[in-house]
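S.K.: Quick check, what structure comes out for this input:
(one chain, ligands or ions: 1)
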Amino acid sequence: MMDFLAQCRAIVGDGHVLATPADMASFLTDQRKRFTGKALAVLRPASVDQVAALVRACAEHRVALVPQGGNTGLVLGSVPDTSGAQVVLSLSRLNSIRQVDPVNRTMTVDAGCILQRIQEAAAAEGCLFPLSLAAEGSCTIGGNLATNAGGTAVLRYGNTRELCLGLEVVTPQGEIWNGLRGLRKDNTGYDLRDLFIGAEGTLGVITGAVLKLYPQPKASITALAALPSPAHALRLLVLMQDYCGASLSGFELMSRYCLDLVAGQFPQLPKPFAAAHPQYVLLELSSSESEQHAVGLLEQAIGAALERNVISDAVVASSVAQSTGLWQLREHIPLAQARAGKNIKHDISLPVSRIADFIAATGPHLDAAFPGCQLVCFGHLGDGNLHYNVAPPAGISDEAFLLNQDKVNRVVYDSVMSFGGSISAEHGIGALKREELAHYKSPVELNIMRAIKAALDPLGIMNPGKIL
Ligand SMILES: Cc1cc2nc3c(=O)[nH]c(=O)nc-3n(C[C@H](O)[C@H](O)[C@H](O)COP(=O)(O)OP(=O)(O)OC[C@H]3O[C@@H](n4cnc5c(N)ncnc54)[C@H](O)[C@@H]3O)c2cc1C
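M.R.: Okay, here's the model as predicted:
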């Protein structure tokens, strides 16, 4: 292996082949600190040619590589296994904004660019890059593309896949595919771009991308509605879409249990209603016209919802500070959960129309199997994406409850499948959900996926053990 490392040092320079435990430590443990792998080395290329040369060296020496961006992924996709035989290929030095084309409304970037920097560069040109998630200060666009990340603006703008027009990829053979086309229409055979997006680094290393930019909205306005049930939330979604069309940019469901958790852990945050309600929806409207237009639309829609008994109460933010306060309630749910203790997390997707039935059916199944367990159920209802987390019953320790993880997963995922859903909405499969994927995907789908993997990466060096 000395030959291999010497070859890597010749490509990127001694200082960018990290091989001591201390230098490698931060690259080997996952975001939630559940798993620490071992690596032969961490390689830090600074150009696409260097990435290609390193991948060729890996192929020559049969060394498996794990592409890594910000290491914020939640499914153990970006960390190596425990063999000590894999290398981590960090894209963090590949971080230039290559070009902005305000007329084509596109931006071409290196894969290691931090998402927040891309948002800021778009804003500097008077444009919007709408991908937004809580990890935006440290995740990279390469990681966002490799996981097809979702985030808070999917309802209006789509997942990362919808925000990308072209890719540059280093193949498992170390060739460079330049697909950096800024085309909105391009029907010239198989869509390779879509193959690499969401592949979690198992088919190639994304080194660059052409991203779509949008006009900045003139105003956005936030409201919180209180409702009796998830079924009412679905009625509200349809009503809001009828009244507001594409202006509806956020629609987040939160149960009373979630907001009680937040109030308990963060008492300084706002308490918008005097009385408690079973469910809440955080709404956001963006307008390309004016604030007055957004407020007018929202007030009309909320008035209709109250009149038809779809909602019980509502508050509309009248300042940026109030709007931030309402969003903080939503954003503090994961933090409040973490402070309150451990739970078993599920990032699931369902047809929007079936979410209320899923919630009504799954709670009793869980309660029958684990009496008294608590549900932390919230999420991007407008996208059909729920974070459906199961916390221990009172009096049972986190550790004792987590021993039931596989059984809890089975109850939740069986129910998800029976409602036509998916076991991973936006976080991906990685190593964490690999066995679940094998359990739930049809043999036909799995065989097609395996055939694609074998065709593109016959040596099996590209992030092995992830997804498949
Ligand atoms: C607080 C917090 C909030 C989050 N919120 C959301 C959310 O709302 N929506 C959501 O979808 N996700 C969310 N995530 C998950 C995570 O941030 C995203 O999956 C993100 O897109 C990962 O980017 P990254 O650069 O950190 O990738 P990494 O974690 O480094 O890698 C993720 C996967 O992509 C692969 N990969 C990384 N870079 C490349 C590349 N250049 N080429 C090929 N493969 C590559 C890795 O091998 C790995 O399989 C959140 C995470 C945290 C910690």
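S.K.: need the strands for the stretch 201-350 of the chain, in chain order.
M.R.: 205-212, 214-215, 219-227, 248-255, 279-287, 313-316, 347-349 (DSSP state E, counting those that start in this stretch).
S.K.: Any idea which of those strands gets closest to the ligand?
M.R.: Closest to the ligand of these is strand 205-212 (C-beta to the nearest ligand atom; 3.6 Å). No exception for glycine: its C-beta is placed from N, CA and C like everyone else's.
S.K.: The nearest residue to Ala19 once chain neighbours are set aside pairs with what?
M.R.: In this structure, Ala19 finds its nearest non-sequential neighbour in Ala41, 4.5 Å apart by C-beta to C-beta, 6 or more residues apart in numbering. Going by DSSP bridges, Ala41 is paired in beta bridges with Val87.
S.K.: Let me have the strands of the stretch 201-350 of the chain in a markdown table, adding mean pLDDT, mean neighbour count and distance to Leu468 as columns.
M.R.: Shown next, in a markdown table, are these (pLDDT from 0 to 100; neighbours: other C-beta atoms under 10 Å; distance: least, C-beta to C-beta, whole Å):
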| stretch | mean pLDDT | mean neighbour count | distance to Leu468 |
| --- | --- | --- | --- |
| strand 205-212 | 98 | 27 | 18 |
| strand 214-215 | 96 | 13 | 35 |
| strand 219-227 | 95 | 22 | 41 |
| strand 248-255 | 95 | 23 | 33 |
| strand 279-287 | 95 | 24 | 37 |
| strand 313-316 | 96 | 18 | 47 |
| strand 347-349 | 97 | 23 | 19 |
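S.K.: Compile those into TSV and extend it with columns for distance to the ligand.
M.R.: Output for these, formatted as TSV (distance: least, C-beta to the nearest ligand atom, whole Å):
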stretch	distance to the ligand
strand 205-212	4
strand 214-215	19
strand 219-227	17
strand 248-255	11
strand 279-287	14
strand 313-316	24
strand 347-349	8
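S.K.: what sits against the residue of the stretch 251-400 of the chain found nearest the ligand?
M.R.: Of all residues in the stretch 251-400 of the chain, the one sitting closest to the ligand is Pro334 (6.8 Å; C-beta to the nearest ligand atom). With contact set as C-beta atoms under 8 Å, 6 or more residues apart in numbering, Pro334 has these partners: 134, 387.
S.K.: what does Ile311 give?
M.R.: Contacts for Ile311 (C-beta under 8 Å, 6+ apart) come out as 225-227, 232, 236, 281, 302, 305.
S.K.: tell me the two of the residues you listed that are most distant?
M.R.: The span of the contacts of Ile311, defined through C-beta to C-beta, is set by His232 and Ile302 at 13.5 Å.
S.K.: Determine the three-state secondary structure at Val55.
M.R.: helix (DSSP: H, G, I helix; E, B strand; the rest coil).
S.K.: of all of the stretch 101-250 of the chain, which residue lies closest to the ligand?
M.R.: Going by C-beta to the nearest ligand atom, the ligand is nearest to Gly143 of the stretch 101-250 of the chain, at 2.1 Å.
S.K.: which residues touch the helix or strand where Leu366 lies?
M.R.: Per DSSP states H and E, Leu366 falls inside helix 355-369. Here helix 355-369 makes contact (C-beta under 8 Å, 6+ apart) with 229-231, 233-234, 253, 350, 373, 375, 377, 381, 384, 386, 388, 390, 407-408, 411-412, 415-416, 419, 421.
S.K.: Buried only: go through those residues for me.
M.R.: The neighbour count (16 or more other C-beta atoms under 10 Å) marks 230-231, 233-234, 253, 350, 373, 375, 377, 381, 384, 386, 388, 390, 408, 411-412, 415-416, 419, 421 as buried among those.
S.K.: where does the protein have low pLDDT?
M.R.: Along the chain, the model assigns pLDDT under 70 to residues 1-2.
S.K.: So which of the buried ones among the contacts of helix 355-369 are in strands?
M.R.: 253, 375, 377, 386, 388, 390 (DSSP state E).
S.K.: any idea which element the residue nearest to Arg184 when sequence neighbours are not counted lies in?
M.R.: Of all residues not flanking Arg184 in the chain, Leu165 sits nearest, at 6.7 Å (C-beta to C-beta, 6+ apart). Element membership of Leu165, judged by DSSP H and E, is strand 164-170.
S.K.: That strand vs the ligand: in contact?
M.R.: No: residues of strand 164-170 contacting the ligand under C-beta under 6 Å from any ligand atom: none, with a closest distance of 7.7 Å.
S.K.: For the helix or strand that that strand is followed by, C-alpha coordinates in PDB please.
M.R.: Sequence order places strand 176-179 as the next helix or strand after strand 164-170, per DSSP H and E. Provided in PDB are the C-alpha atoms of strand 176-179 (Å, rounded to 0.1, in the frame of the first residue of the first chain):
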ATOM      1  CA  ILE A 176     -14.000  12.800 -16.600                       C
ATOM      2  CA  TRP A 177     -17.500  13.000 -18.000                       C
ATOM      3  CA  ASN A 178     -18.300  16.700 -18.800                       C
ATOM      4  CA  GLY A 179     -22.000  17.000 -18.800                       C
END
